[in-house]
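> Would you be able to build a 3D model of this:
(2 chains)
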Amino acid sequence: MVAEGAPVTRTVSLRPLVPSDLDAMWAARTGSDAPWADTSDGARRKLRERIGRSGRFSFGELLLGIVADGELVGEVQGRQPEMGLPHGVFEIGIEVFDPEARGNGVGRSALAQFVSHLFEQEGAHRIQLTTDVENVAMQRVAEHVGFGLEGTLRGFMPSKDGPPRDYLIYGITRDDWAAGR
Amino acid sequence: MSDVSLRAYRPEDYDVLRRWIDDPAIGGGFPTAAPLHDDDEVRAIVHDEPRPNLDRFAVVVDDRVIGEAQVRHSSPLFPDEVFGLGIAIFDPADRGHGFGREAQRLLTDRLFRERAARRVQAETDPHNVPERRALEALGFVNEGVLRRYFEGDGELGDLVMYAMTRADWEEVSEGWISTD
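Purely as a prediction, here's the structure:
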């Protein structure tokens, strides 16, 4: 158990994914209990294609790997689908799929680096993310990086068994980010 | 009140859509940053050419196209069974008669009845009081404010999020009389 607010104990960086990352990412996917984890036949091919596009905005998505002490432990995604979000607004997602990399500041560091990248390099003026109302770990990470809670999207996400899930929406503006640096 | 209906666009709607589609009055000064539409794009819309993630309908009153209703849907914009609504009434003279609210009601009802909607959401400018009143009167619930959604001058740019869940709809639509 790591105390809340514990310092980052590992060196964290972001890098484009490469073809040799496929097996590790697929293993993480098939071991995931996340409701959106697609392990169908076509999903592995799609994952390979996404890895091939990693490192640059393509089809409205920027995908990067999270590396902790030299090891691939997760991914971050920034999305700006056509017709989905205005210019300069990005929706981001983060997944730390190595359980050993959770709870020690890896996700927080990766998210902070990704947010800075989007504001500094990709022309963002607002970044948003959504997370399940019960995903307290994600909420803490978001708040620590400077995101503000903006609302509750009721029944936003389907669940495999049970009623649809409420999701929280968080946002960080360029001004928030600049003030927190 | 005159009957409001929704229908697919038709080629003969070209002139009215060309007249209004890029008119700044539609957004009420709301900075959408959307590029202007060239004639071919307007033609594609009135020929009802399908686009991924977006359906458009003409809002009709007394055989006159007075506005447009939009539905955004599907990955990567939304999870399955979540829909985003947008209504624009073209001519300012056609506002204030409840047409937009009725169009919103018809479309919302259709999405829950025919497209298995789980959640229908509609975002608007927090300063757009008529639209907020219309959404609240229909039973949409204010869920929060997305700050600086549009990059604009001064206060413009925030977005207030309204939504109706299937459970909300089952409750409020008992009082709705379908004219569809």
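> all helices for the chain, in order.
Going with chain A. With helices called from DSSP state H, chain A shows them at A:22-30, A:41-53, A:106-121, A:136-145, A:174-179.
> Let me rephrase: I mean chain B.
Under DSSP H, chain B gives helices at B:14-20, B:24-27, B:39-46, B:99-114, B:129-138, B:166-172.
> Convert the C-alpha atoms of the fifth one to PDB, please.
Coordinates of the C-alpha atoms in helix B:129-138 are reproduced here as PDB (Å, rounded to 0.1, in the frame of the first residue of the first chain):
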ATOM      1  CA  VAL B 129     -31.900  31.000 -21.900                       C
ATOM      2  CA  PRO B 130     -34.700  30.100 -24.400                       C
ATOM      3  CA  GLU B 131     -33.000  26.800 -25.300                       C
ATOM      4  CA  ARG B 132     -32.200  26.000 -21.700                       C
ATOM      5  CA  ARG B 133     -35.900  26.700 -20.700                       C
ATOM      6  CA  ALA B 134     -37.000  24.500 -23.600                       C
ATOM      7  CA  LEU B 135     -34.800  21.600 -22.600                       C
ATOM      8  CA  GLU B 136     -35.800  21.900 -19.000                       C
ATOM      9  CA  ALA B 137     -39.500  22.000 -19.900                       C
ATOM     10  CA  LEU B 138     -39.000  18.800 -21.800                       C
END
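> is any part of it close to chain A?
No - using CB under 8 Å from any CB of the partner chain, helix B:129-138 stays clear of chain A, coming no nearer than 14.6 Å. To be clear about C-beta, it is placed using only N, CA and C from the backbone, and glycine gets the same treatment.
> Near chain B, which residues of chain A are found?
So far as CB under 8 Å from any CB goes, chain A lies against chain B at A:60-61, A:79, A:81-84, A:86-89, A:125-126, A:128, A:148, A:150-158, A:164, A:169, A:171, A:173-175.
> Please identify the deepest-packed of the helices of chain B.
Between the helices of chain B, helix B:99-114 has the highest mean count of neighbours, a mean of 21, where neighbours are mean count of other CB atoms under 10 Å in any protein chain shown.
> What pLDDT does the model give A:Glu82?
A:Glu82 carries a pLDDT score of 81 in this model.
> again, but for the one 5 residues further on
Looking at A:His87, its pLDDT stands at 86.
> which residues touch the residue in chain A that chain B sits nearest to?
Chain A approaches chain B most closely through A:Gly151 (1.7 Å), counting by CB to the nearest CB. Residues in contact with A:Gly151 (CB atoms under 8 Å, 6 or more residues apart in numbering or on different chains) are A:168-169, B:143-146, B:161.
> Give me the angle between the helix or strand of chain A with the lowest mean pLDDT and helix A:41-53.
Ranked by mean pLDDT, DSSP states H and E, the weakest helix or strand in chain A is helix A:22-30, scoring a mean of 89. Taking axes from the mean of the first three to the mean of the last three CA atoms, to 10 degrees, one finds helix A:22-30 and helix A:41-53 inclined to each other by 130 degrees.
> What lies in contact with helix A:22-30?
So helix A:22-30 is contacted by A:17, A:37-39, A:43-44, A:47-48, A:51, A:72, A:75, A:97-98 (CB under 8 Å, 6+ apart).
> Could you export it as CSV, CA atoms only?
Coordinates of the C-alpha atoms in helix A:22-30 are reproduced here as CSV (Å, rounded to 0.1, in the frame of the first residue of the first chain):
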residue,chain,number,x,y,z
LEU,A,22,1.9,-5.7,-29.7
ASP,A,23,2.3,-8.9,-27.7
ALA,A,24,2.6,-7.1,-24.3
MET,A,25,-0.4,-4.9,-25.1
TRP,A,26,-2.5,-7.8,-26.3
ALA,A,27,-1.7,-9.8,-23.2
ALA,A,28,-2.8,-6.8,-21.1
ARG,A,29,-6.0,-6.5,-23.1
THR,A,30,-6.9,-10.1,-22.7
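> Tell me the pLDDT of residue 173.
Picked chain A for this. So A:Thr173 comes in at 96 (pLDDT).
> was after chain B, sorry
Confidence score, pLDDT, at B:Ser173: 92.
> now it, nearest residue through space, not along the chain?
In space, and not counting its chain neighbours, B:Ser173 is closest to B:Asp109: 6.2 Å by CB to CB, 6 or more residues apart in numbering or on different chains.
> Kindly provide the distance from the one you found to chain A.
B:Asp109 is 17 Å from chain A, where distance means CB to the nearest CB, to the nearest Å.
> Give me the below-cutoff pLDDT ranges for the chain.
The chain I'm using is chain A. Chain A contains residues with pLDDT under 70 at A:1-9, A:33-36.
> other chain: chain B
Ranges of chain B meeting pLDDT under 70: B:1, B:27-34, B:152-156, B:177-180.
> What is the nearest of the contacts of A:Gly151 to B:Asp39?
Closest approach to B:Asp39 among the contacts of A:Gly151 (CB to CB): B:Leu146, at 33.6 Å.
> quick one: the closest one from A:Gly123, how far?
18 Å (CB to CB, to the nearest Å).
> Show me which of these two is the more surrounded one.
Neighbour count, other CB atoms under 10 Å in any protein chain shown: between B:Leu146 and A:Gly123, B:Leu146 has more, with 22 against 12.
> tell me the contacts of that one?
A:126, A:128, A:150-151, A:169, A:171, B:123, B:158-161.
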